[in-house]
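# Starting from these lines, generate the structure:
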Amino acid sequence: MSWESSARRSEQPENAAWFCCPRSPNKMKTNMNLRTRRTLRLLLLLLLIVLVLSLKILFFCSWTVLPLCDNFIFFSSLIMYQYVL
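Coordinates of the predicted model:
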C-alpha cells in the first residue's frame, strides 16, 4: 500500500508544490520589505501626529497660559513695587 501512496504523490501536478514546500526566499524577502515599509510608514505617521499635536499644544499654551503667567508676574511685581514704596 505504501508504494501506491508514494506513486500517487508523484503523480500530483507541479502547482501543488506550494502546499508542501516552503515559500521561495525572494517572495519572503519581498513580504518582509513590504512589512518593514508599512511599519516605517506607520511610525512616520505617528511621529507626524505627535509633532502636530505638540505644536498645537505649544501654540495654545503660548497664547493662553503664558500671557496669564506674564500677567501674574506683572501684577505680583506691581504689588511688590507698591510694598517697597
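
# Count the residues that sit near Leu44.
Neighbour count of Leu44, defined by other C-beta atoms under 10 Å: 10. To be clear about C-beta, it is placed using only N, CA and C from the backbone, and glycine gets the same treatment.

# err, Leu47, not the other one
Applying other C-beta under 10 Å, we find 10 other residues in the vicinity of Leu47.

# Look up how far Leu58 lies from it.
16 Å (C-beta to C-beta, to the nearest Å).

# what's the answer for Leu43, then?
In terms of C-beta to C-beta, Leu43 sits 22 Å off from Leu58.

# what do you get for Asn33?
Separation of Asn33 from Leu58 (C-beta to C-beta): 37 Å.

# contacting residues for Lys56?
Contact analysis of Lys56 by C-beta atoms under 8 Å, 6 or more residues apart in numbering lists nothing.

# so Arg41 is in which element?
Per DSSP states H and E, Arg41 falls inside helix 25-84.

# can you tell me the average pLDDT over that helix?
Confidence over helix 25-84 (mean pLDDT, whole number) is 72.

# let's have the chain start at 40 instead
Will do, 40 is the new start, and the previous item becomes helix 64-123.

# From Leu97, how far out is Thr80?
That one is not Thr; residue 80 is Arg. Distance of Arg80 to Leu97, computed by C-beta to C-beta: 26 Å.

# ugh, typo on my part, it should be Leu90
According to C-beta to C-beta, Leu90 and Leu97 sit 10 Å apart.

# Report the contact partners of Phe98.
With C-beta under 8 Å, 6+ apart as the criterion, no residue contacts Phe98.
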